[in-house]
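Trainee: kindly generate the corresponding structure for this input.
(2 chains)
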Amino acid sequence: GAGVSQTPSNKVTEKGKYVELRCDPISGHTALYWYRQSLGQGPEFLIYFQGTGAADDSGLPNDRFFAVRPEGSVSTLKIQRTERGDSAVYLCASSLWAGTYNEQFFGPGTRLTVL
Amino acid sequence: DQQVKQNSPSLSVQEGRISILNCDYTNSMFDYFLWYKKYPAEGPTFLISISSIKDKNEDGRFTVFLNKSAKHLSLHIVPSQPGDSAVYFCAASVGGGADGLTFGKGTHLIIQP
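Mentor: Okay, the predicted model is just below:
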């Protein structure tokens, strides 16, 4: 079956611009997670959804970052007024539900470059 | 502060030998630990996990050991194969993995022929 997909695979933008990154989870998965991976680091948790609601957004670095999941499936991560420090690979993961010992399946990521 | 630490950025092992990757953590609330494998330009792939009520979990060539008193876990790969060359991430979670995972920086494993 299809895994987690993310679009675009690469995004180059200029400082100050607005970007949207999209994640399509595995069909039937109710939990969806966003992570950010900077060069030489491990993935860093940003936010997760159980269904349509954000269950934990404690990892979002500031109010320029926002994510939605209006119908409980596809999610969009939105970054306003991008800064060079936002350059990273943004990873999305999904799991059957946000319950005990459920494996998170990762997508290939979107590489964001802010010039 | 880094709550999950992988102190070896890289490790080189001969094909057929045992690979041992180490991970230390500082948060005593972590109760679920996972290892992910990552190839370039791909997302991390789940390898094996262990809950804090166990001290060992085995799956084929992969075994994870957990030492709670030392806040240390390790991944053993026996025998190592060329396809095992990848970056390995240790991750931990509070609440059995329901929430976001906390990752280490990764160890690049290189299997030499």
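Trainee: from here on, just use CA atoms for contacts and neighbour counts.
Mentor: Fine.
Trainee: check whether stretch B:5-25 contacts chain A.
Mentor: No: contact of stretch B:5-25 with chain A is not found when judged by Cα under 8 Å from any Cα of the partner chain; the minimum separation is 9.2 Å.
Trainee: and the residue minimising distance to the centre of chain A, what element?
Mentor: Residue closest to the average C-alpha location in chain A (Cα atoms, centre = their mean): residue A:34, at 3.2 Å. Element membership for residue A:34, per DSSP states H and E: strand A:31-37.
Trainee: partner strands of the helix or strand following that strand, parallel or antiparallel?
Mentor: Next in sequence after strand A:31-37, counting helices and strands by DSSP H and E, comes strand A:44-50. The strands beside strand A:44-50 in its sheet (DSSP bridges) come out as strand A:31-37 (antiparallel), strand A:53-56 (antiparallel).
Trainee: if you average pLDDT over each of the ones you listed, which is lowest?
Mentor: Lowest mean pLDDT within those: strand A:53-56, at a mean of 90.
Trainee: that one: which residues count as buried?
Mentor: Going by neighbour count (16 or more other Cα atoms under 10 Å in any protein chain shown), the buried part of strand A:53-56 is A:54, A:55, A:56.
Trainee: from chain B, how far out is the first one?
Mentor: Separation of residue A:54 from chain B (Cα to the nearest Cα, to the nearest Å): 11 Å.
Trainee: quick one on the thing from earlier: run through the bridge partners of the residue nearest to the centre of chain A.
Mentor: Bridge pairing for residue A:34 - DSSP bridges - gives residue A:47, residue A:92.
Trainee: where's it relative to residue A:77, distance?
Mentor: In this view, residue A:34 and residue A:77 are 8 Å apart by Cα to Cα, to the nearest Å.
Trainee: how far is the helix-or-strand element of chain A with minimal mean pLDDT from where the chain is centred?
Mentor: None of the helices or strands of chain A scores lower by mean pLDDT, DSSP states H and E than strand A:53-56, at a mean of 90. Here strand A:53-56 is found 13 Å from its chain centre; the criterion is Cα atoms, centre = their mean, to the nearest Å.
Trainee: ditto for stretch A:35-47
Mentor: 10 Å.
Trainee: so residue A:47 makes contact with residue A:60?
Mentor: Yes: look at residue A:47 against residue A:60 with Cα atoms under 8 Å: they come within range, at 6.4 Å.
Trainee: isn't the residue nearest to the centre of chain A right up against residue A:104?
Mentor: No: contact criterion Cα under 8 Å: residue A:34 and residue A:104 do not qualify, at 10.9 Å.
Trainee: report the contact partners of the closest residue to residue A:25 other than its chain neighbours.
Mentor: In this structure, residue A:25 finds its nearest non-sequential neighbour in residue A:4, 4.6 Å apart by Cα to Cα, 6 or more residues apart in numbering or on different chains. Applying Cα atoms under 8 Å, 6 or more residues apart in numbering or on different chains to residue A:4 gives the contacts A:23, A:24, A:25, A:26, A:92, A:93, A:94, A:105, A:106, A:107, A:108.
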